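Q: Here is my input; please provide its structure:
(one chain, ligands or ions: 1)
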Amino acid sequence: MTPSKDSYEVIIVGGGVSGLSAAKTLADSGIQDVLVLEREQTCGGVPRHISNTGFGLVEFHRPMPGPEYARRMRHRIGGVELATGFQVTKLLPQGTLETAGPQGVVTLQAKRIILSTGTFESGRHNRLVSGARPFGVMTYGELARYVHFAKMRPFKRAVIVGTEWVSFAAIHTLRKNGVEPVCMLGEYSRTIAPEIIALAHEKIFRTHTYRGVCLSSILGANRVEGVEVEREGKTQVIPCDGVVFTGKFRPESHLVRRSHLDFDPFSGGPVTDQHQRLSDPTYFACGNVLRPVEPSWTCFREGVKAALFVKMSLADTLPAITGSVPVRFLDPVRFVWPQRLAFPLQPEQKLSLMVSLRRPTRGILRLKVDGRDAWIKPINAMPEQLIKIIPKKLTLDRAEDIEIFCDET
Ligand SMILES: Cc1cc2nc3c(=O)[nH]c(=O)nc-3n(C[C@H](O)[C@H](O)[C@H](O)COP(=O)(O)OP(=O)(O)OC[C@H]3O[C@@H](n4cnc5c(N)ncnc54)[C@H](O)[C@@H]3O)c2cc1C
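A: Model (predicted):
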């Protein structure tokens, strides 16, 4: 489907969970001149091919598989204009987008643009795993696409790399498709998802989790024949014919990197303020492009919020982004989102910040505003987890210095 014209009030880049949620909210709030651009032939984003029933409980009040969730999301946007098979290739100033579609390159214009391009998992290249290049190595997202769309079984016995929630979901996808999960490999001394999840999977499904291991090499010429791991100074070979890399999500933000917009190398996403607004105030963002990584219901809500912020921006009722204050942080904090706060803080707006850590950390996490504690919490957290900071009574006209740090114990 091709856009019916070349100028819109709002264009949404990415028709996944958060993009469709923003589209619906805009339509409901009276902004009808909206276009959703989606590079795939069908909207719905990642859930389209994730068959586990981890979707919909908050938004539709019952758990459902990803494909059903994606279908419902598509149906609820009603008459909003969609252009599928359209990939946005450049973000330009003054609300201009360059896109590549069936008719070639098309330039589009909008008063406001919402980015909702999602996230991707780190595969072997991002994790710098050496060895040969045999068939049978993929991320969980790729595996899910493979079994859902191609209905093929890529291997019979696979090792799962990672211990996040999504890593345990991979066990079920493998088993459902007749693949034996050989074991799970975690780099830290404990799992990133709660330990109880790993223990339950060991007991019920007999899938053992090796903790504190480093995957050093993938073995095999044409097909995977095993993996080499290092544990407590010893090298061990685990035979298998498949390797599934799970988690370590990174925002799908190459468009931002190559544009005039400020990019945050720590989160891997765009720099935004608490209104999900980028350094060029024509642009907003929602969902996992903002930072890795949130479940679908949070992205759904962020889509709603982005639409409401866009509406406020069109009505010129958001505080100016010029003069916004950066949120500073110190090691072991890896990133903070949002990266900037625009003042004055609206009294009715519940401010929340997300923090991710570089390494497993125990200590006291603090938010200081102009030298005074605004929020304190003891933490015992793992990397890849997001810690939410909701400071109370932070209704300020202005602050000069905002800092987040952790006193490690
Ligand atoms: C493997 C996996 C398993 C998961 N399991 C669960 C689960 O069980 N429960 C749960 O709640 N959450 C789960 N999630 C998370 C959930 O899928 C996400 O929270 C949600 O999909 C994020 O929504 P989003 O809008 O940010 O991105 P997405 O839903 O991924 O949508 C992004 C969309 O943008 C499009 N796009 C990207 N770049 C462009 C471009 N340049 N031009 C045009 N279109 C573009 C993409 O094609 C895609 O459709 C899982 C995620 C993964 C990867």
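
Q: Go ahead and name everything in contact with stretch 249-256.
A: 13, 88-91, 115, 117-122, 126, 263, 267-270, 278, 288-293, 384 (CB atoms under 8 Å, 6 or more residues apart in numbering). (C-beta placed from N, C-alpha, C; glycine too.)

Q: backbone phi and psi for Thr99, please?
A: Backbone geometry at Thr99, expressed as degrees, to the nearest 10, gives phi -130, psi 160.

Q: how close does it get to the ligand?
A: Distance of Thr99 to the ligand, computed by CB to the nearest ligand atom, to the nearest Å: 7 Å.

Q: what's the answer for Ser4, then?
A: Taking CB to the nearest ligand atom as the measure, Ser4 and the ligand are separated by 17 Å.

Q: what residue is smack in the middle of the chain?
A: With distances taken as CA atoms, centre = their mean, Asn288 lies nearest the centre of the chain, 2.9 Å away.

Q: so what's the residue in the stretch 301-409 of the chain that the ligand sits nearest to up against?
A: Here the residue of the stretch 301-409 of the chain nearest the ligand is Gly303; by CB to the nearest ligand atom that distance is 6.9 Å. By CB under 8 Å, 6+ apart, the contact set of Gly303 is 17-25, 116, 286-287.

Q: And Gly186, by the same measure?
A: Per CB under 8 Å, 6+ apart, neighbours of Gly186: 162-163, 192, 209-213.

Q: show me what contacts Ile389?
A: 352-355, 365, 367, 375, 377, 404.

Q: Quick check: closest non-adjacent residue to it.
A: Leu353 (4.4 Å; CB to CB, 6 or more residues apart in numbering).

Q: same check, this time on Gly136
A: Looking at Gly136 with CB to CB, 6+ apart, the closest residue is Val224, at 3.7 Å.

Q: okay, now the one you found: neighbour count?
A: By other CB atoms under 10 Å, the residues close to Val224 number 25.

Q: Surely it is in contact with Ser217?
A: No - using CB atoms under 8 Å, Val224 is not in contact with Ser217; the gap is 11.1 Å.

Q: one step back: what sits opposite the closest residue to the residue nearest to the centre of the chain other than its chain neighbours in the beta ladder?
A: Once flanking residues are discounted, Asn288 sits nearest to Thr119: 3.7 Å by CB to CB, 6+ apart. Assessed by DSSP bridges, Thr119 has beta-bridge partners Pro251.

Q: Go ahead and confirm Thr119 touches Glu294.
A: No - the criterion here is CB under 8 Å, and Thr119 misses it with Glu294 at 9.1 Å.

Q: Now do the contacts for the residue nearest to Ser189 when sequence neighbours are not counted.
A: Spatial nearest neighbour of Ser189, excluding adjacent residues (CB to CB, 6+ apart): Gly212 at 4.8 Å. Residues in contact with Gly212 (CB under 8 Å, 6+ apart) are 186-189, 231-232.

Q: can you check Ala169 too?
A: Contacts of Ala169 by CB under 8 Å, 6+ apart are 50, 52, 54, 140.

Q: Ok, Ala158 next?
A: So Ala158 contacts 136, 174, 179-182, 240-244 (CB under 8 Å, 6+ apart).

Q: How many neighbouring residues does the closest residue to it other than its chain neighbours have?
A: Residue nearest to Ala158 in three dimensions, not counting chain neighbours: Gly242, with 3.5 Å by CB to CB, 6+ apart. Applying other CB under 10 Å, we find 26 residues neighbouring Gly242.

Q: hmm, the longest strand seen in the chain in reach of the ligand?
A: Taking DSSP state E as the criterion, the chain has its longest strand at strand 104-115. No - using CB under 6 Å from any ligand atom, strand 104-115 stays clear of the ligand, coming no nearer than 8.7 Å.

Q: Neighbouring strands - and their directions - for that strand?
A: Checking strand 104-115 against DSSP bridges gives partners strand 7-13 (parallel), strand 96-101 (antiparallel), strand 283-285 (parallel).

Q: elements contacting the helix or strand following the first one?
A: It stands for strand 7-13. In the C-terminal direction, the helix or strand that comes right after strand 7-13 (DSSP states H and E) is helix 17-28. Applying 3 or more CB pairs under 8 Å, 6 or more residues apart in numbering; DSSP states H and E, we find helix 17-28 packed against strand 7-13, strand 34-38, helix 66-76, helix 296-314.

Q: got the angle for the last one vs strand 104-115?
A: The reference is to helix 296-314. On the basis of axes from the mean of the first three to the mean of the last three CA atoms, to 10 degrees, helix 296-314 is oriented at 90 degrees to strand 104-115.

Q: can you dump the C-alpha coordinates of helix 296-314 into PDB?
A: Provided in PDB are the C-alpha atoms of helix 296-314 (Å, rounded to 0.1, in the frame of the first residue of the first chain):
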ATOM      1  CA  SER A 296       4.700  -5.200  25.100                       C
ATOM      2  CA  TRP A 297       2.300  -3.700  27.600                       C
ATOM      3  CA  THR A 298       4.800  -1.000  28.500                       C
ATOM      4  CA  CYS A 299       5.500  -0.200  24.900                       C
ATOM      5  CA  PHE A 300       1.700  -0.100  24.300                       C
ATOM      6  CA  ARG A 301       1.400   2.600  27.100                       C
ATOM      7  CA  GLU A 302       4.400   4.500  25.700                       C
ATOM      8  CA  GLY A 303       2.600   4.700  22.300                       C
ATOM      9  CA  VAL A 304      -0.400   6.300  24.100                       C
ATOM     10  CA  LYS A 305       1.900   8.700  25.900                       C
ATOM     11  CA  ALA A 306       3.800   9.700  22.700                       C
ATOM     12  CA  ALA A 307       0.500  10.400  21.000                       C
ATOM     13  CA  LEU A 308      -0.700  12.700  23.900                       C
ATOM     14  CA  PHE A 309       2.700  14.500  23.900                       C
ATOM     15  CA  VAL A 310       2.500  15.000  20.100                       C
ATOM     16  CA  LYS A 311      -1.000  16.500  20.600                       C
ATOM     17  CA  MET A 312       0.300  18.800  23.300                       C
ATOM     18  CA  SER A 313       3.200  19.800  21.100                       C
ATOM     19  CA  LEU A 314       0.900  20.600  18.200                       C
END
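
Q: Quick one: name whatever helix or strand follows it.
A: That would be, after helix 296-314 and using DSSP H and E, strand 325-329.
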